[in-house]
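[1] fold the following and give me the result.
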Amino acid sequence: EALVDQAEAFAGRPFFPLLEELTKGYGLIYAHGENWRVMRRFTITTLRDYGVGRKTIEDRIIEECGFLIKKFESYEGKPFENTKIMNAAVANIIVSILLAKRFEYEDTILLRLLSSVDENAQLLGSPSALEKDKSNRFFHNENLTELVANLFSAGTETTSTTLRWGLLLMMKYPEIQSKVQEEIAQVIGSAQPRTEHRAKMPYTDAVIHEI
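    Now for the predicted structure:
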């Protein structure tokens, strides 16, 4: 009843005075009402224009996986803390969309951005067509700056955490890891995984969904 009959009333997030003070209702994550609808539509359209959901973004992910694998291999089997590395790798995908570049994992600017995202997470527990009659109300520096910050933080923290949980669970259940590795070897071999492999890898697909 809440999500169907009262969808409009329950569409937004709870009101947090601290977040309202910090964000002024700008951006997407903590926006409300018409601003949220416009920013959401603008974000989806823009991300699609930049390749999200298409082969373009998959190629960027594959490229970044190559850098990540080389970084892992550089430790030569020795134990290492992977949080910052995983955060940086995932962030580079978002950065490639927002800024059209990538950072080295030890880059001080990237590390400072990731540190801010982590601190905030802990503390808080077609564009031209849209702009015709709404540019003054929604498409201003404060709103768009908050939107970019939202995309960077939300796109980095959640994905990186999920990947690290995946690594942890594979170590905890080596028998599951072996079955996943076997299926990967049979279907993909030494190549990088792509979307078209998914239908041929039901076991791996199921494990990822469980994670």
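
[2] for the chain, what's the longest helix?
    For the chain, the longest helix by residue count, based on DSSP state H, is helix 141-172.

[3] the protein: helices as residue ranges?
    Using DSSP H, helices in the chain cover 17-23, 33-49, 55-73, 83-98, 108-123, 127-138, 141-172, 174-187, 202-210.

[4] which stretch in those has the least confidence?
    Note on the helices of the chain: helix 127-138 shows the lowest mean pLDDT, a mean of 54.

[5] just give me the residue right at the centre of this structure.
    Gly155 (2.5 Å; C-alpha atoms, centre = their mean).

[6] what about the closest residue to Thr83 other than its chain neighbours, neighbour count?
    Once flanking residues are discounted, Thr83 sits nearest to Arg164: 6.6 Å by C-beta to C-beta, 6 or more residues apart in numbering. Placement of C-beta: from N, CA and C, glycine included. Applying other C-beta atoms under 10 Å, we find 16 residues neighbouring Arg164.

[7] what are the contacting residues of stretch 96-110?
    47, 50-52, 57, 60, 64, 67, 71, 84-85, 88-89, 91-92, 95, 148, 151-152 (C-beta atoms under 8 Å, 6 or more residues apart in numbering).

[8] what sits against Ile61?
    Per C-beta under 8 Å, 6+ apart, neighbours of Ile61: Ile93.

[9] how far away is it from Thr159?
    From Ile61 across to Thr159, the span is 10 Å (C-beta to C-beta, to the nearest Å).
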